[in-house]
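# here is a sequence with its predicted model. Questions after.
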Amino acid sequence: WLCYHMPVFCILMGKDFMPHSDERRDNMPDKNVSHNNQKKIAAINDYSGFGRCSIAVELPVISAMKIQCCPMPTSIFSNHTGFDSFYFKDFTENMPPYMAEWKKLNLKFDGIVTGFLGSHNQIAIVEEFFKNFKTEDNIVVIDPVMGDYGNLYPTYTDETCQEMKKLVKYADILTPNLTEACIITDEPYRPDYSNDELKKIAMKLVAMGPSKIVITGIQRGHYIGNYCYEKNREDYLIKTMKVGTQRSGTGDIFASIIAADAVNGVNFHESVRKASTFIKKCILKAIEMDIPLTDGVPFEELLTTLK
């Protein structure tokens with residue numbers, strides 16, 4: 001507004017207010033300025049205006065952990081698809097020019113975290129993103145969102161799953177649920193895999209590229225567990241007592257904490273335990289506040305406890 005109305009504005013303020021040419025040059029962006037003086041994580045996911053999932057939870061969670069979150073949306077939703085009705089805008093064709101502007105700024109990311117990708121075209125674009133922004137020093141966390149409870153999500157096909165497998169080699173940390181781990185490794189889905197059987201699946205995943213695996217949502221009676229495997233280390237299962245039921249956005253919160261902790265140099269075991277505990281507290285808070293299942297978890301109430 002000021003640029004277009006500068007003459008009028010200067011008359012109102014007095015003629016001496018008009019900046020001299022040297023002053024205007026001083027206010028021009030400095031091409032030599034670095035935009036990489038703070039830790040940054042690129043978050044590639046969809047954006048839902050309501051329902052607390054994807055970028056809408058990743059941005060505040062990562063920011064609370066003292067890292068700048070730079071979102072790259074894959075699609076825009078008024079509210080997520082768990083509702084009866086929603087507005088949807090595909091962002092696929094906008095992703096390459098969006099990425100190109102980041103390249104112009106010479107942005108360097110300490111971490112990259114990916115979530116739901118709606119098509120094989122988007123997967124190909126994300127692979128190109130890794131080729132441009134992944135380095136030997138940053139950390140890539142891939143949450144290979146494809147399905148749950150042994151079933152693919154409606155938007156996914158066998159072809160899309162095959163394309164998703166191509167991204168695994170870029171991951172430093174992979175956070176599939178059991179269904180997704182089985183899809184990637186071509187293992188039949190069973191909810192009752194033993195720890196030894198989970199280890200074999202995790203070893204297959206590690207052979208594809210990642211050095212750290214956490215398979216989420218492992219059912220153990222009254223407990224739910226996250227099975228963790230680190231290359232050349234002992235595997236372990238982190239269990240928490242089941243509370244409530246599954247809610248939107250909890251997987252995104254989990255991946256965000258894992259990514260931010262990895263960038264901050266936190267031990268993987270400690271990070272998985274922290275993420276599991278925080279989500280449990282959020283679910284309990286949702287029950288206390290009578291939050292509908294579609295509305296996710298009220299993590300805002302507990303965000304200041306996340307370090």
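Alright, I've got the coordinates.
# helices of this protein, residue ranges please.
6-13, 21-26, 55-64, 95-104, 120-133, 158-165, 178-185, 195-207, 250-263, 268-288 (DSSP state H).
# any buried residues in the fifth one, and which?
Buried residues in helix 120-133, counted by 16 or more other CB atoms under 10 Å: 120, 122, 123, 125, 126, 127, 129, 130, 133. In short, each C-beta sits where N, CA and C put it, glycine included.
# just the longest one next, same as before
Under the neighbour-count criterion of 16+ other CB under 10 Å, helix 268-288 has 268, 271-272, 274-276, 278-283, 285-286 buried.
# for that helix, output the C-alpha coordinates as CSV.
Extracted in CSV, the C-alpha atoms of helix 268-288 (Å, rounded to 0.1, in the frame of the first residue of the first chain):
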residue,chain,number,x,y,z
PHE,A,268,16.1,-41.6,19.3
HIS,A,269,14.8,-43.8,22.1
GLU,A,270,14.1,-40.7,24.2
SER,A,271,12.4,-39.0,21.3
VAL,A,272,10.0,-41.9,20.6
ARG,A,273,9.1,-42.1,24.3
LYS,A,274,8.5,-38.3,24.4
ALA,A,275,6.3,-38.4,21.3
SER,A,276,4.3,-41.4,22.7
THR,A,277,3.8,-39.7,26.1
PHE,A,278,2.8,-36.4,24.6
ILE,A,279,0.2,-37.9,22.3
LYS,A,280,-1.3,-39.9,25.2
LYS,A,281,-1.6,-36.7,27.3
CYS,A,282,-3.3,-35.0,24.3
ILE,A,283,-5.8,-37.8,23.9
LEU,A,284,-6.6,-37.7,27.6
LYS,A,285,-7.1,-34.0,27.3
ALA,A,286,-9.4,-34.5,24.4
ILE,A,287,-11.5,-36.9,26.4
GLU,A,288,-11.6,-34.4,29.4
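# could you check the angle helix 55-64 makes with that helix?
Orientation check (axes from the mean of the first three to the mean of the last three CA atoms, to 10 degrees): helix 268-288 against helix 55-64 gives 120 degrees.
# what sits up against helix 268-288?
The contact list for helix 268-288, computed with CB atoms under 8 Å, 6 or more residues apart in numbering, reads 173, 212, 214, 226, 228, 230, 236, 238, 240-241, 243-244, 247, 250, 253-254, 257-258, 261-262, 266, 291, 295-299, 301-302, 305-306.
# switch the cut-off to 7 Å
212, 214, 226, 228, 230, 236, 238, 240, 243-244, 247, 250, 253-254, 257-258, 261-262, 297-299, 301-302, 306 (CB atoms under 7 Å, 6 or more residues apart in numbering).
# show me which pair in the buried residues of helix 268-288 is furthest apart.
Largest separation among those by CB to CB: 268 and 286, giving 27.1 Å.
# rebuild the helices of the chain as CSV, extending it with mean pLDDT and distance to residue 40.
Listed next are the helices of the chain as CSV, based on pLDDT from 0 to 100; distance: least, CB to CB, whole Å:
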stretch, mean pLDDT, distance to residue 40
helix 6-13, 43, 34
helix 21-26, 54, 27
helix 55-64, 98, 9
helix 95-104, 98, 10
helix 120-133, 96, 10
helix 158-165, 92, 25
helix 178-185, 97, 27
helix 195-207, 97, 27
helix 250-263, 97, 9
helix 268-288, 96, 19
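# can I get those helices in TSV with distance to residue 72?
As requested, those are exported to TSV (distance: least, CB to CB, whole Å):
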stretch	distance to residue 72
helix 6-13	34
helix 21-26	32
helix 55-64	9
helix 95-104	6
helix 120-133	8
helix 158-165	17
helix 178-185	21
helix 195-207	25
helix 250-263	14
helix 268-288	22
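# for residue 152, which residues are in contact?
residue 146.
# how long is stretch 227-244 end to end?
21 Å (CA to CA, to the nearest Å).
# please name the residues that touch residue 49.
77, 78, 79.
# just checking, the first one touches residue 45?
No. Using CB atoms under 7 Å, residue 77 is not in contact with residue 45, being 11.1 Å away.
# list the contacts for residue 234?
By CB under 7 Å, 6+ apart, residue 234 has no neighbours at all.
# got the phi and psi for it?
Main-chain torsions, residue 234, degrees, to the nearest 10: phi -70, psi 140.
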